[in-house]
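Undergrad: pasting the sequence and the predicted model now:
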Number of protein chains: 2
Amino acid sequence: MIILKLGGSILTKKSSTIPQIDSENLERIAKEIKKSLDNHNKKLIIVHGAGSFGHPPAKKYNIGKIFKNEEYPLKRIGFSTTQNAVKKLNTEICKVFIDNKLPVVTIQPSTFITTSNGRINYGNLDLIKKYLDEDYIPVLYGDVVLDDKLKMAVLSGDQIIQYLAMNLESDRIILGTDVDGVYNKNPKTNDDAILFERFNSMDELDSLDSTTNVDVTGGMIGKIKELLELADIGIDSKIINVNKKDFVYKALENEDIKGTVISKK
Amino acid sequence: MIILKLGGSILTKKSSTIPQIDSENLERIAKEIKKSLDNHNKKLIIVHGAGSFGHPPAKKYNIGKIFKNEEYPLKRIGFSTTQNAVKKLNTEICKVFIDNKLPVVTIQPSTFITTSNGRINYGNLDLIKKYLDEDYIPVLYGDVVLDDKLKMAVLSGDQIIQYLAMNLESDRIILGTDVDGVYNKNPKTNDDAILFERFNSMDELDSLDSTTNVDVTGGMIGKIKELLELADIGIDSKIINVNKKDFVYKALENEDIKGTVISKK
């Protein structure tokens, strides 16, 4: 089974003032997935980020931060607002997938997952297994969930991936972003940025982190740490740029493309 | 805990060629719910129908009917399409509720319920209980689900209500429709239609069904049978017309309003 992550940045238009999906990009990605599935059937789960739909309300209402009891009524509305925003994004994304004949089934995280201090402590995957057995493509996404310590938390797509990979029989993970992989500096602002083709160990990452100016964007280090934990149990990941034509297709076909591999091999 | 059902007919515009919610009606209903909750806090679950969003795709793809294996790829797309359509409806309804400061949390049925021959055989309600404990308003809706005999089935809001009422501590059920209750004939086309103020037993219903021209619209008899089963275990229901101003509010406040009561008392 393959897990394909589609980062929020490639799904939604950052420049738009109102949350808007990037239909053109999504259409192309949907077609590439369909082409690969038509080649030979494979089990696939898609996990997408919250993008410009989920982050603004989650930030506005400080979801996941400690709060006083008298703030709870407002926080609940924040939870409701964020849940509904990411649900809207998911519905729009699924529409594009369905229009391209992909049998996607949304599995809403807040309906079956809870966390403790932001980490998943409960999530029954039986239904996801059943949908996979019936050749559907389960789609999950970054969501808000109940938390036994913080009352509520933001559950990232990345944590969902780790949880799914650890608890289902996952062969490999493809992480679609808008850059070619992990660089030592931000490649968008530094022409001399160097791409890491492979990460094998936490040590390697830690040394980079402390000795060089690793400008790996938005929590990339945390992301790699989670992926290294998966590599420890034999599940490899590859970070690729899905804004590049045919990269989703080639990654699904396991062809050799540019990107950063996280593996112990 | 009160379960409030909002029928699809009062949520969506029947006359519209493209699926559209009835925002004006929903706004009013949301305000009435808020007013009642502000009076004194009460546990509430809302269940809504699929309306003009869900029925067309479910019908087009014959969801719930036996099919040949070679039809499965198309049926899967039917499942995906229907799931996404009712999700869209739910998102639009929730938006109106949230705008009116109701802390609604969607619990997507297809994520945690399965059926056997169209009847629920699995559904873990732990998370719904947790959301109720935290004073959210869980919102469920008519959806498509995996079925161990038929592969896929339509799960009606009415069946969800019965399942929730049986398995959670439900005090009473309010069923919001666009008629004043159950009549012996269709009240929209028959001026002499008589309203039943109360149903106490299956016998009563069976005799009506066989001896009179009970034009109770769209599966109302089946609905009453399910509600009589609940009455057997002490859970009363009331069918009311929520197109009438203040009826949702008064029903939540347990005031005496026109409608049909299903009770053993």
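TA: Arrived safely.

Undergrad: what pLDDT does the model give the residue of the stretch 151-265 of chain A found nearest chain B?
TA: As assessed by Cβ to the nearest Cβ, chain B sits closest to A:Lys151 within the stretch 151-265 of chain A, at 7.0 Å. For the C-beta atoms, the positions are set from N, CA and C on the backbone; glycine is no exception. What the model reports as pLDDT for A:Lys151 is 98.

Undergrad: so it touches B:Glu134, yeah?
TA: Yes: with contact defined as Cβ atoms under 8 Å, A:Lys151 counts as touching B:Glu134 (7.0 Å).

Undergrad: just the helices in chain A please.
TA: A:8-11, A:23-39, A:51-60, A:72-99, A:109-112, A:126-133, A:157-167, A:202-211, A:220-232, A:247-252 (DSSP state H).

Undergrad: if we can go back for a sec, which residues touch the residue of the stretch 151-265 of chain A closest to chain B?
TA: Going by Cβ atoms under 8 Å, 6 or more residues apart in numbering or on different chains, A:Lys151 touches A:67, A:72, A:75, B:134.

Undergrad: now the buried members of those residues.
TA: A:67, A:72, A:75 (16 or more other Cβ atoms under 10 Å in any protein chain shown).

Undergrad: now those residues in a markdown table, with pLDDT and distance to A:Ser52?
TA: Formatted as a markdown table, these follow (pLDDT from 0 to 100; distance: Cβ to Cβ, whole Å):
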| residue | pLDDT | distance to A:Ser52 |
| --- | --- | --- |
| A:Phe67 | 97 | 25 |
| A:Tyr72 | 98 | 27 |
| A:Lys75 | 98 | 22 |
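
Undergrad: quick check, nearest of these to B:Leu168?
TA: A:Tyr72 (22.3 Å; Cβ to Cβ).

Undergrad: can you give me phi and psi for the residue in the stretch 101-250 of chain A positioned nearest to chain B?
TA: Ranked by Cβ to the nearest Cβ, the top residue of the stretch 101-250 of chain A for proximity to chain B is A:Pro103, at 3.7 Å. Torsion angles at A:Pro103 (phi, psi; degrees, to the nearest 10) stand at phi -80, psi 70.

Undergrad: need the pLDDT of it.
TA: For A:Pro103, the predicted pLDDT is 98.

Undergrad: give me every residue that touches the nearest residue to A:Glu226 once chain neighbours are set aside.
TA: Spatial nearest neighbour of A:Glu226, excluding adjacent residues (Cβ to Cβ, 6 or more residues apart in numbering or on different chains): A:Gln162 at 4.8 Å. Taking Cβ under 8 Å, 6+ apart, we find A:Gln162 in contact with A:226-227, A:229-230.

Undergrad: could you do A:Ala30 as well?
TA: Per Cβ under 8 Å, 6+ apart, neighbours of A:Ala30: A:96-97, A:99-100, A:102.

Undergrad: mind showing which ranges of the stretch 101-250 of chain A have poor pLDDT?
TA: Under the criterion pLDDT under 70, the flagged ranges of the stretch 101-250 of chain A are A:204-219.

Undergrad: quick check: residues of it near chain B?
TA: A:101-108, A:110-112, A:114, A:124, A:127, A:130-131, A:134-136, A:146, A:151 (Cβ under 8 Å from any Cβ of the partner chain).

Undergrad: now the residues you listed: which count as buried?
TA: Using 16+ other Cβ under 10 Å, the buried ones in these are A:101-108, A:110-112, A:114, A:127, A:130-131, A:136, A:146, A:151.

Undergrad: which of the contacts of A:Lys151 sit farthest apart?
TA: Among the contacts of A:Lys151, A:Phe67 and B:Glu134 lie farthest apart (Cβ to Cβ), at 13.0 Å.

Undergrad: of the contacts of A:Gln162, just the buried ones, ChimeraX syntax please.
TA: Applying 16+ other Cβ under 10 Å to the contacts of A:Gln162, the buried members can be selected in ChimeraX as follows:
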select /A:226,227,230
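
Undergrad: which single one of the contacts of A:Gln162 is nearest to A:Phe196?
TA: Nearest member of the contacts of A:Gln162 to A:Phe196, counting by Cβ to Cβ, is A:Leu227, at 12.4 Å.

Undergrad: now do the same contact list for that closest one.
TA: By Cβ under 8 Å, 6+ apart, the neighbours of A:Leu227 are A:162, A:173, A:175, A:199, A:237, A:262.

Undergrad: rerun that using 7 Å as the cut-off
TA: A:237, A:262 (Cβ atoms under 7 Å, 6 or more residues apart in numbering or on different chains).

Undergrad: pull up the gap between it and A:Phe199, please.
TA: 8 Å (Cβ to Cβ, to the nearest Å).
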